[in-house]
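> Would you be able to build a 3D model of this:
(2 chains)
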2 protein chains.
Amino acid sequence: MTRIYNFSAGPAVLPLEVLEQAQAELVEFQGSGMSIMEMSHRGKEYEAVHNEAVENIKKLLKLPANYSVLFMTGGATAQFALVPMNLLGSGRIADYINTGAWAAKAAKEAKVIGQVNVIANTEKDIPTRLPELSALRFTPGAAYVHLTSNETIPGTQWRTFPAPAAPLVADMSSDILSRPIDVAQFGLIYAGAQKNLGPAGVTVVIIRNDLAECVNEQTPNIFRYKTHLEENSLHNTPPCYIIYMLALCPRWLLKQGGVEAIARINRAKAARLYAAIDASGFYKGTATLDCRSDMNVTFRLPTEALEELFVKEAAAQQLKGLKGHRSVGGIRASIYNAFPLAGVEALIAFMKDFAKRNG
Amino acid sequence: MTRIYNFSAGPAVLPLEVLEQAQAELVEFQGSGMSIMEMSHRGKEYEAVHNEAVENIKKLLKLPANYSVLFMTGGATAQFALVPMNLLGSGRIADYINTGAWAAKAAKEAKVIGQVNVIANTEKDIPTRLPELSALRFTPGAAYVHLTSNETIPGTQWRTFPAPAAPLVADMSSDILSRPIDVAQFGLIYAGAQKNLGPAGVTVVIIRNDLAECVNEQTPNIFRYKTHLEENSLHNTPPCYIIYMLALCPRWLLKQGGVEAIARINRAKAARLYAAIDASGFYKGTATLDCRSDMNVTFRLPTEALEELFVKEAAAQQLKGLKGHRSVGGIRASIYNAFPLAGVEALIAFMKDFAKRNG
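Purely as a prediction, here's the structure:
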């Protein structure tokens, strides 16, 4: 097998050694005579896997004692609805910071549930950017303030988070566990697994326990954070196999040295790629310097025809998934935790050659 | 590896050849240089898998043209809320038939959303049973009538379905694709995958297209059937790997000859087991004869101490997962599509021996 370099924005590359372990034990899990996919979610074997997934994430995030890790489904998109269904009481307002397509979707869904105040909007700005912290005007008494920590389409990432009086809620789907964060700054964090945590099919929710007590009586039990917190995410059958992968990937991350160690690598990967863009005189980064993402490096070429050729030639050299999101075009290199430095170097070498031939 | 006989009620046994194929292509999918877990859900490779899963289910169910197959998440438990969130308009009533724990949970969650009329209740009846069709009195103008086609805990299964004027909604989590049904009798069918369809982590919804048009404006977009129908269940990132398994398992079922063929095998497996129970003078079936399930065969021994010993000795002979549900006790042998006839024969042989030694 020739393993390609997979720059996909998500579902995204997974650590090869995790895939190999999953393969080795797919038909029979640890001498049990069956696959982990076939096991009762109430049995001892699965329970150990489930609890390891929780514990690994707690360790990696240095989770304060008054927070819990929940496993839910439906991705970040379901959380766009579940956050206001749980936290936005009738007559209250939630603040949303619109920094791009994902933040906008979160706000749009919240408006179906209740009152939303979009307190900053950089969605359409070119070059792409985030609002200044000092310019944010929070609604007094807001139920919560929502932001998207990393926008995969424009390639922007918050470096310093705002500190509103209301609980801060963050969609961290595309950068959770990629850099140290202080969980205590947040009331709730959610993340679809398919970028930095594992395969698609589970959503990790980090919640300050007191917020799970905000129960709206009209919210069905299955959609209450309280239900999942009280039952360790085993209220009903969870996506067991995906949670098994969610035990393995963070286990791999712990072996790499944890979040601090991977953050240094992520920083180095992104810095090299941005340096190559800036030094080229050919490629042009799309985000303002201070808002550039370490996860999704976005840039343009002089023409759309050249961009198309770039994606095609790169793919022929086993550099795949570089096409920018269909809504904005351009090039996007997604380089999450499991993406190897060697792949970034291969991309840079290709970029230099391509620029020389087409510059 | 010694493969055990897994009588688990769900997640449950999967076809060995499916597990072996999944294992073979886990690290690299069909020469692509990556795992199917790592692929974009918008790419050609995944799209083909996704559409095969839909098509296989359509073929197996002989789906009429005005019905669609949706892939959602959260299991049947999420559907307990989503059905009324979509179909139970304000001021209307939904009829629920309570035949056991699962039907009761569906009704309980629906009551959070709107008005529910429990039109029949056999939940607490011993021996366990279903209501007589002729005794059902539907609410005139009901939004829908809900039933659970197979109750895994008491081990009861509908043989003939009622034909109300309102759309019939069925939770078929534990017997979908195990026997032929006439889909046109139903407005909506839902099923968590983890018994007859694949691993846990995806919910299959079969919906008559016009019912997806009933949109309650207060239901978030992600929770509307309409959203998933219009976008072929790709509104957001689906649980791709589980859907891949959901392509493979129904592909296996088609190779076995489809639903009619597996139904004959299922009938034969259950009939042998029930015959062994009835002939024993030692074991006693818990469901009335006409309501016995082909999927979950439930029975009692003369004492709870003997039941405990039975489960323990069976496990030592690689017959696992036989303990009845914690709420009712007794013995439960779940024998879904992928459970082999040889396992039923092994259980019968063990039962005879056990009865001889303890009778």
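
> ok, A:S8 - contacts?
A:K320, A:G321, A:S334, B:E38, B:M39, B:S40, B:G43 (CB atoms under 8 Å, 6 or more residues apart in numbering or on different chains). C-betas here are computed from N, CA, C, even on glycine.

> rerun that using 7 Å as the cut-off
Residues near A:S8 by CB atoms under 7 Å, 6 or more residues apart in numbering or on different chains: A:G321, A:S334, B:E38, B:M39, B:S40.

> so the closest residue to the second one other than its chain neighbours, which of the three states?
In this structure, A:S334 finds its nearest non-sequential neighbour in A:A9, 4.4 Å apart by CB to CB, 6 or more residues apart in numbering or on different chains. When the structure is split into helix, strand and coil by DSSP: H, G, I helix; E, B strand; the rest coil, A:A9 lands in coil.

> Any chance of the backbone angles for A:A9?
Dihedral pair for A:A9: phi -80, psi -10, per degrees, to the nearest 10.

> Touching, it and A:R332? I think so.
Yes: the pair A:A9 and A:R332 qualifies as a contact (CB atoms under 7 Å) at a distance of 6.3 Å.

> list the residues that contact both of those two?
With CB under 7 Å, 6+ apart, A:A9 and A:R332 have common neighbours A:N296.

> got the CA coordinates for the top helix by length along chain A in CSV?
Ranked by residue count under DSSP state H, the longest helix found in chain A is helix A:258-280. Extracted in CSV, the C-alpha atoms of helix A:258-280 (Å, rounded to 0.1, in the frame of the first residue of the first chain):
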residue,chain,number,x,y,z
GLY,A,258,-0.3,15.1,25.1
VAL,A,259,-1.8,18.3,24.0
GLU,A,260,1.3,20.5,24.6
ALA,A,261,3.5,18.3,22.6
ILE,A,262,1.1,18.0,19.6
ALA,A,263,0.5,21.7,19.7
ARG,A,264,4.2,22.3,19.2
ILE,A,265,4.2,20.0,16.2
ASN,A,266,1.0,21.5,14.9
ARG,A,267,2.5,25.0,15.2
ALA,A,268,5.6,23.9,13.4
LYS,A,269,3.7,22.3,10.6
ALA,A,270,1.5,25.4,10.0
ALA,A,271,4.4,27.8,10.4
ARG,A,272,6.4,26.0,7.7
LEU,A,273,3.5,26.1,5.3
TYR,A,274,2.6,29.7,5.9
ALA,A,275,6.3,30.6,5.5
ALA,A,276,6.4,28.9,2.1
ILE,A,277,3.3,30.8,1.1
ASP,A,278,4.6,34.1,2.2
ALA,A,279,8.0,33.6,0.6
SER,A,280,6.7,32.5,-2.7
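
> Show me which residues of the stretch 201-350 of chain A sit near chain B.
A:201, A:218, A:220-223, A:236-242, A:318, A:321 (CB under 7 Å from any CB of the partner chain).

> What is the nearest of those to A:G187?
Minimum separation from A:G187 among these (CB to CB) is found for A:F223, which lies at 17.8 Å.

> Could you pull up phi and psi at that closest one?
phi -100, psi 10.

> Could you pull up the residues touching it?
A:L82, A:M85, B:A81.

> Name the nearest of those relative to B:A346.
Out of the contacts of A:F223, the member with the shortest distance to B:A346 (by CB to CB) is B:A81, at 40.2 Å.

> That closest one - that's part of a helix, no?
Yes: if the criterion is three-state DSSP, then B:A81 is within a helix.

> Just give the number of residues close to it.
21 (other CB atoms under 10 Å in any protein chain shown).

> ok, now A:E132?
10.

> Please tell me how far it sits from A:L147.
14 Å (CB to CB, to the nearest Å).

> For the stretch 51-200 of chain A, what lies in contact range of chain B?
Listed as neighbours of chain B in the stretch 51-200 of chain A under the rule CB under 7 Å from any CB: A:73-75, A:77-78, A:80-81, A:109, A:112-113, A:192, A:194, A:199-200.

> run the last query once more with 6 Å
A:T73, A:G74, A:G75, A:T77, A:A78, A:A81, A:E109, A:V112, A:Q194, A:P199, A:A200 (CB under 6 Å from any CB of the partner chain).

> Name all residues that make contact with the last one.
Residues in contact with A:A200 (CB atoms under 6 Å, 6 or more residues apart in numbering or on different chains) are A:P11, A:Q194, B:T237, B:P239, B:C240.

> Dump these into a markdown table; add pLDDT and distance to A:L347 as well.
Shown next, in a markdown table, are the contacts of A:A200 (pLDDT from 0 to 100; distance: CB to CB, whole Å):
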| residue | pLDDT | distance to A:L347 |
| --- | --- | --- |
| A:P11 | 97 | 20 |
| A:Q194 | 96 | 21 |
| B:T237 | 98 | 24 |
| B:P239 | 98 | 30 |
| B:C240 | 98 | 25 |
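
> what sits up against stretch A:224-237?
Under CB under 6 Å, 6+ apart, the answer for stretch A:224-237 is A:41, A:68, A:70-71, A:86, A:207, A:212, A:215, A:221, B:75, B:77, B:194, B:200.

> at 7 Å instead, please
Contacts for stretch A:224-237 (CB under 7 Å, 6+ apart): A:41, A:68, A:70-72, A:86, A:205, A:207, A:209, A:212-213, A:215, A:221, B:10-11, B:75, B:77, B:192, B:194, B:200.

> C-alpha coordinates for it, PDB please?
This file holds the C-alpha atoms of stretch A:224-237, laid out as PDB (Å, rounded to 0.1, in the frame of the first residue of the first chain):
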ATOM      1  CA  ARG A 224     -31.100  17.000  27.600                       C
ATOM      2  CA  TYR A 225     -27.400  17.200  28.600                       C
ATOM      3  CA  LYS A 226     -28.600  16.200  32.100                       C
ATOM      4  CA  THR A 227     -29.700  12.800  30.900                       C
ATOM      5  CA  HIS A 228     -26.400  12.000  29.300                       C
ATOM      6  CA  LEU A 229     -24.400  13.300  32.300                       C
ATOM      7  CA  GLU A 230     -26.400  11.300  34.800                       C
ATOM      8  CA  GLU A 231     -26.000   8.100  32.800                       C
ATOM      9  CA  ASN A 232     -22.400   8.400  31.700                       C
ATOM     10  CA  SER A 233     -23.600   8.700  28.100                       C
ATOM     11  CA  LEU A 234     -25.200   5.200  28.400                       C
ATOM     12  CA  HIS A 235     -28.800   6.300  28.500                       C
ATOM     13  CA  ASN A 236     -29.300   4.400  25.300                       C
ATOM     14  CA  THR A 237     -27.000   2.400  23.000                       C
END
